[in-house]
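S.K.: Give me a 3D structure for the following:
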Amino acid sequence: MKVLFLHTDFIKVFPKQKAIKLAEQDPKELDVKDALVAFVSVEERDKISLAKELVKNIKDVATRVGVNRIVLYPYVHLTNKPAKPEIAYRLILESEQLLKREGFEVYRAPFGWYKVLEMKVKGHPLSELSRIIREKTDIKENLESFLKEHGLKYEISEEEGKIIVYTNVPEEKERKKSNYNKIFLILYPNGKEYMILGEENNKLKVVDFQKIKDRYRDVNSIVYDKIEVNKGDIEYLDKSTFNKDFVKLLDKEALGKPFKDVNRNPIRETMERFGFEWENLSDYGHMRYKPYAALLVDLISEYAIKIATGLNFPVYIIKGTNMFDLEKGPVAAHVKLYGDRLYELKTDKSKFVLRYAACFQQFAIAKDLIVSYKDLPFGMLEIADSYRFEQPGETLLGFRLRKFWMPDLHIFCKNPEEASKYFYYMHKIIMDEIKKLNRDYELLINYGSPEFYLKYKNIAIRILQAINKPALVHIYPPSEGRYWIINVEYHIIDLLGRPREIGTTQIDIGNGKRFEITYVDENNKEHYVVIIHNAI
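M.R.: Below you'll find the model as predicted:
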């Protein structure tokens, strides 16, 4: 809450017309002499209980200037993050009642009206004051609430007046902890699949997944029911039979092992040597790029454009806005289902989210196109400035940022079958490019549900047969809102032995309908497109 205090000789208020639907009825004119006027802006996170703090501040200022007459003036213009009108109105009314109980003579300007205002401010040193009022908080309680909300394991204690937190921050893909079985499989090119149960003596404790899934009539139940494994079905796989990079990915994702602490980070040192730095005059997680760094970013962008425009279907380069309406439309619907770590801002038009990928702009353009089946597939590419509201303590130069650049390609297809064909084509392009650097990717293949896994397992098998090695598969619980069938993450292992996701590609069966992106088939019937996402 923000408050402007003016000690006035007089104030006159004349309501003229309603400014909002919730404007109070029967507004009255005011003509008050020798009063302390409190212009009050109630903000987004303010609670009704903050009225007590407002009254304390009004009492303090009134005592200092020597008045007993108070005018409460609802004034939204002191903040760019106003509370909802119904909250602001209730808080003002509560403050009015509390002040009257304290013995003040209280007047209130009409809420929700355009008003003519006349006043004369006294000229003494205390006649103009401002205050920012916040709820008094329990720091320990707030810390615990934050840690629980983000699914972090922690221990918290108070020692000599200090609050000490011990925490291990997991890099989980799930936004929230949920009561479901996290199913990780090792899938081989021949279709053999083992479900990972744990680790014993550097050996993976596994079970043939076929023996598990055959017990379920509804295969999706497997992620919720308690999985019973017969002792005789348990097998052990020697981790030394896998390549070292795959083991590191498996340890992190399936077994949840933390990274080892390092005293020196040569990756960060190299980045800083080339001029990749934090910009301390901006928000947390924003970088600046000195000449060499800027050149590298431009060259990588040009490289991504060259690869995309060299594909065997048309790819159009587009540009657009980086903010989208959070109050209405398909973006708002998408964010309600999947929004996480949103970077938000509010203007005089609406509440907006800074985009976390280029999807929204490309989809907004695609929905306005008249598309024939003969035009498909085609792609759109943008080197998109993207934003995610990472926590300050989690930002990492060059890796975890609040603002970053993403070469984001979307391919619009007729149906899942055509999408599967081009999904494999894009996989081959991605693998061919990394081999030019004499490196290789380790794959984490995510499926949107057990049902999707069984139905589209052939996509993963074809990929594994091409690379001739196993991959880690993660099966997510089913969700009515989940828009993707399969998502492949391409990981390298960095100098410090940590898996780093470099690219991803996925098949999207939901956003064609959500954004109303259609094409007309040979029989002149409309269909929603299926979309391949590629962050390359």
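
S.K.: Report how many residues lie close to the closest residue to I383 other than its chain neighbours.
M.R.: Leaving aside its sequence neighbours, I383 sits nearest to S301 (Cβ to Cβ, 6 or more residues apart in numbering; 4.6 Å). Where C-beta positions appear, they are placed from N, C-alpha and C, glycine not excepted. Using other Cβ atoms under 10 Å, S301 is surrounded by 13 other residues.

S.K.: Does S301 belong to a helix, a strand or coil?
M.R.: helix (DSSP: H, G, I helix; E, B strand; the rest coil).

S.K.: go on, the one 4 residues further on?
M.R.: Classification of I305 into helix, strand or coil gives helix, according to three-state DSSP.

S.K.: Contact partners for it?
M.R.: Residues in contact with I305 (Cβ atoms under 8 Å, 6 or more residues apart in numbering) are 317, 381, 383, 407.

S.K.: how much space between the last one and Y483?
M.R.: P407 sits 21 Å away from Y483, going by Cβ to Cβ, to the nearest Å.

S.K.: repeat for the second one
M.R.: If you measure L381 against Y483 using Cβ to Cβ, the figure is 20 Å.

S.K.: higher neighbour count, those two?
M.R.: Using other Cβ under 10 Å, the more surrounded residue of L381 and Y483 is L381, with 24 against 20.

S.K.: check which helix or strand covers the more buried one.
M.R.: Using DSSP states H and E, L381 sits in strand 378-387.

S.K.: low pLDDT regions in the stretch 51-200 of the chain?
M.R.: Scanning the stretch 51-200 of the chain for pLDDT under 70 picks out the ranges 136-142, 144-146, 148-179.

S.K.: quick one, helices of it?
M.R.: Secondary structure of the stretch 51-200 of the chain (DSSP state H, counting those that start in this stretch): helices at 51-65, 85-101, 139-149.

S.K.: between those helices, which one is nearest to V520?
M.R.: With Cβ to Cβ, the closest approach to V520 among those belongs to helix 85-101: 45.3 Å.

S.K.: May I see the buried residues of that closest one?
M.R.: By neighbour count on 16 or more other Cβ atoms under 10 Å, the buried set for helix 85-101 is 85, 87-89, 91-96, 98-99.

S.K.: And stretch 111-122, by the same measure?
M.R.: Those would be 111-113, 115, 119, for stretch 111-122 by 16+ other Cβ under 10 Å.

S.K.: Between all of those, which two are at the greatest distance?
M.R.: So, the buried residues of stretch 111-122 by Cβ to Cβ: farthest apart are G112 and M119, at 20.2 Å.

S.K.: mind listing what the residue nearest to I383 touches?
M.R.: 383, 405, 407.

S.K.: ok, it to Y75 distance?
M.R.: From S301 across to Y75, the span is 46 Å (Cβ to Cβ).

S.K.: With respect to A62, which of the buried residues of helix 85-101 is nearest?
M.R.: Taking Cβ to Cβ as the measure, L99 is the one of the buried residues of helix 85-101 closest to A62, at 9.2 Å.

S.K.: gap between the closest one and E105?
M.R.: 9 Å.

S.K.: Quick one: the strands in the stretch 201-350 of the chain, in order.
M.R.: 203-208, 234-238, 276-278, 287-289, 315-317, 323-325, 343-346 (DSSP state E, counting those that start in this stretch).

S.K.: out of these, which comes closest to I445?
M.R.: Closest to I445 of the strands of the stretch 201-350 of the chain, according to Cβ to Cβ: strand 203-208, at 16.9 Å.

S.K.: Next, the contact list for the residue nearest to V13 when sequence neighbours are not counted, please.
M.R.: Leaving out its chain neighbours, the residue that sits closest to V13 by Cβ to Cβ, 6+ apart is L30, at 4.1 Å. Contact analysis of L30 by Cβ under 8 Å, 6+ apart lists 11-13, 71, 107, 109.

S.K.: Next one: L30, what pLDDT does it get?
M.R.: Looking at L30, its pLDDT reads 96.

S.K.: now do P416
M.R.: For P416, the predicted pLDDT is 95.

S.K.: Correct me if wrong: it contacts I531.
M.R.: No - counting by Cβ atoms under 8 Å, P416 sits too far from I531 to count as a contact (10.9 Å).

S.K.: Need the overlap of contacts for the two.
M.R.: Common contacts of P416 and I531 (Cβ under 8 Å, 6+ apart): I507.

S.K.: Which one of those two is surrounded by more residues?
M.R.: With neighbours defined as other Cβ under 10 Å, P416 and I531 compare such that I531 has more, 28 against 17.

S.K.: Listing partners with orientation, what would you give for the host helix or strand of that one?
M.R.: Per DSSP H and E, I531 falls inside strand 530-535. Counting by DSSP bridges, the strands paired with strand 530-535 are strand 403-413 (antiparallel), strand 499-508 (antiparallel).

S.K.: Return the residues in contact with W484.
M.R.: 448, 506-510, 533.

S.K.: Counting neighbours, what do you get for the closest residue to A304 other than its chain neighbours?
M.R.: Distance criterion Cβ to Cβ, 6+ apart; nearest residue to A304, sequence neighbours excluded, is P407 at 3.5 Å. Number of residues near P407 (other Cβ under 10 Å) recorded here: 20.

S.K.: And the helices of the stretch 51-200 of the chain: which comes nearest Y490?
M.R.: Nearest of these to Y490, taken as Cβ to Cβ: helix 139-149 at 30.2 Å.

S.K.: Save the strands paired with strand 530-535 as TSV, and put in mean pLDDT too.
M.R.: As requested, the strands paired with strand 530-535 are exported to TSV (pLDDT from 0 to 100):
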stretch	mean pLDDT
strand 403-413	96
strand 499-508	94
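
S.K.: correct me, but I234 touches L204?
M.R.: No - at 10.7 Å, I234 does not count as touching L204 under the criterion of Cβ under 8 Å.

S.K.: So for these two, which sits in the more crowded spot?
M.R.: Set I234 next to L204 and count neighbours by other Cβ under 10 Å: L204 wins out with 22 against 13.

S.K.: List the residues that contact the more buried one.
M.R.: Contact partners of L204, counting by Cβ under 8 Å, 6+ apart, are 186, 194, 196, 198, 236-237, 239, 250.

S.K.: try it again with 7 Å
M.R.: 196, 236-237, 239 (Cβ atoms under 7 Å, 6 or more residues apart in numbering).

S.K.: again with L91
M.R.: Neighbour list for L91: 42, 46, 48, 50-51 [criterion: Cβ under 7 Å, 6+ apart].

S.K.: hmm, 8 Å instead?
M.R.: 42, 46, 48, 50-51, 54, 83.

S.K.: Throw those into a markdown table and include neighbour count and distance to C359, thanks.
M.R.: Listed next are the contacts of L91 as a markdown table, based on neighbours: other Cβ atoms under 10 Å; distance: Cβ to Cβ, whole Å:
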| residue | neighbour count | distance to C359 |
| --- | --- | --- |
| V42 | 31 | 35 |
| D46 | 24 | 34 |
| I48 | 14 | 38 |
| L50 | 21 | 38 |
| A51 | 24 | 42 |
| L54 | 24 | 43 |
| A83 | 21 | 31 |
